Every structure is written in C-alpha cells, then in structure tokens.
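Engineer: Give the three-dimensional model of this entry:
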Amino acid sequence: MAEINHFEYGWITPTLSYALSVLGSFLGLICASRIRTAGSGGQRLWWGLLAAWAIGGTAIWAMHFMAMLGFAVDGTRIRYDVPLTAASTIIAVVAVGIGLSIVGTGRLNAARLIIGGLFTGLGVAAMHYTGMAAMRLHGDLSYDPLRVGLSVLIAVVAATVALWLAMTVRRGLAIAASALVMGVAVNGMHFTGMSALSVHLHEERGEVTGADVTSLLIPIILAVIFGVVGLIYALLAAPTEDDRAALAYLDARHTPQQQPVAAPAPQPTPDPVGLRARPRTTLGQPGTPFPFRRRDDAGPR
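Structural biologist: A predicted model of the protein is given here:
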C-alpha cells in the first residue's frame, strides 16, 4: 500500500480550496435570491443557471480540483483523464441546477427540500468519485465503504442546507455567513471522501496516460476567473428590488395627473307650453291697480 499525502504543498491548497468554495457559495446564494424576485420564467431560468454554475462549478468542482493539486502518492505520477474530468464538472453543475429547480418552483416545503437535497447531494458525491476515477497512476484505488457512506451523507446534508439557505437567505451579512458554513461543508465532504482512499501500487510500471495537473491548471484557472467575473458583472448589471422600487416611484412622479372632470352644467327644465317665452306681466304684483274696462258713453245704459 502506497503512502498518500493530501497536503503536499502544506496549507496552501486547502486554504485556496476553501476560499473558492466560499466565493462560489456567496455568488451562488446571491443569484439564487434573484430567482425569488424574478418577474418572468426566463429571468428565473437565467438566475438559476448562474446559481448552478456558481455553486456547482466554482464552490464544488473548482474547490475539488484545487484540493487535488495537493494530492500525491509516493512512487507514482498522477495524471487525469480529460473526458471524465469534464464529465465531473457537468455532473456538479447539473445536479445543483436540478436541485434549485425542485425547491425554486412552487411553495417551499419539507418534501421539496428533502428531494432536492437528496438529488443534489448524490450528484455532488457522484462528481467527487467521478473526478477520483479520472485519476491515472501506477496502482489500484480502493475505498473504505464506511467513510464513503459518511462522505455521501455529508454531501446530502450539506446540499439540503445549501438549498434551504438559497431559498430563504436574503440579506448580505446572512449570505456571507451562510457561504462560510457552506465552504466548511463542501471541504468536509471532499476530505472525508479522500480519507476513504487507499492506493495499491503495481509491481510493473508502464506509461501513465492522460493530462498532468500543470496542463489542466491554466485552462481551469482561466475558466474560474472568467466565470467569477461574469457572475459579478451579471449581478452588478441586474436591477435589485430597491432599484425596481425606485424606478416605479420615479415613474409615478413623472406620470401627469389626470385633471378632474368638470360637472356638467344643469339643463333647464322642460317648458312644453312656452311660458318662459311670454312677456312678463305686472298682474298680481303689490301696488298694481286692478285693470277695469272703460264704459262706452254711446252704449246702452
């Protein structure tokens, strides 16, 4: 059995892996919080994809690769199968994306949270052991079943907590604290799984095929940098709830007020016999002498 060193470069690789997991978790939680406030299905899909990439691609997979930089086995070189390594990345992003879609559609309840956490946790564990299967060295890999089961359990619990935080945490300080906790959980799952590994070297040594760490390091670092910059740009460019509220307030201020409608002028009452058109008379007014008929002197008396 070969001697395994998980910290060939000291605490540099675990520190960087923890920083990556915290950064990815922080960005992913912010993107997930935008899912709840999205106004359309397309916006929810967009923020869900960004959250899946941030958590699955940066917080989980990039952290895994960074930690593997410090992994060494005495007596053999280590190379990696590129297609399997790429497949492990896809598994992590898809698993997180499906988990977010389960808990992010409809009202959040315990059943959705458990199903989403179980699916995402199993996907994260599958990512880890797929990445381990991508290793090429002069030896056979074997795992302690108890520690493997413990690492899967940690992955499921961590994924469930992460999904719950993604759907409930809103404020910046709470998101930062949650990202720190998620970083501990992701690293704990990784190193628990790595502690289950043992390597039995081959007596006959041949050529180890695959890509070495240095050839994968530059493209992975560039992918992480561009991914993080893209996530930050998307978050800064998108309007927040406060921005939308301020825009609605300004629109309401600039909208012209409707003038009150004047009451219609009163219509005159009907006058079917034309009384209003007749000239006024002084009959019946106080002080007016009563008219009388003059007698005609020529007439009969």
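
Engineer: make it CA atoms for all contacts and neighbour counts henceforth
Structural biologist: OK.

Engineer: how deep is Leu250 tucked in, by neighbour count?
Structural biologist: 11 (other Cα atoms under 10 Å).

Engineer: same question but for Thr13, I mixed them up
Structural biologist: Thr13: 21 surrounding residues under other Cα under 10 Å.

Engineer: So which bits of the strand or helix carrying it are buried?
Structural biologist: Assessed by DSSP states H and E, Thr13 sits inside helix 12-37. For helix 12-37, the neighbour count (16 or more other Cα atoms under 10 Å) marks 13-14, 17-36 as buried.

Engineer: remind me which residues of the stretch 101-250 of the chain are low pLDDT?
Structural biologist: For the stretch 101-250 of the chain, the stretches with pLDDT under 70 are 240-244, 247.

Engineer: residues in contact with Leu108?
Structural biologist: Each residue near Leu108 by Cα atoms under 8 Å, 6 or more residues apart in numbering is listed here: Met167.

Engineer: And it, how far from Ile35?
Structural biologist: According to Cα to Cα, to the nearest Å, Leu108 and Ile35 sit 13 Å apart.

Engineer: go on, Val157?
Structural biologist: 22 Å.

Engineer: Run the chain-centre distance for stretch 184-195.
Structural biologist: Distance, stretch centre to chain centre, for stretch 184-195: 25 Å (Cα atoms, centre = their mean, to the nearest Å).

Engineer: If you could redo that for stretch 85-98, that was the one I meant.
Structural biologist: 17 Å.

Engineer: in it, what's buried?
Structural biologist: Residues of stretch 85-98 classed as buried: 85, 88-98 (neighbour count, 16+ other Cα under 10 Å).

Engineer: Equivalent analysis for stretch 192-203, please.
Structural biologist: Neighbour counts over stretch 192-203 (16+ other Cα under 10 Å) mark 192-194, 196-199, 201 as buried.

Engineer: Helices - which of those land there?
Structural biologist: 192-194 (DSSP state H).

Engineer: Report pLDDT for the most centrally placed residue in the chain.
Structural biologist: Taking Cα atoms, centre = their mean, the centroid of the chain lies closest to Ala32, which sits 1.9 Å from it. Predicted confidence (pLDDT) for Ala32: 87.
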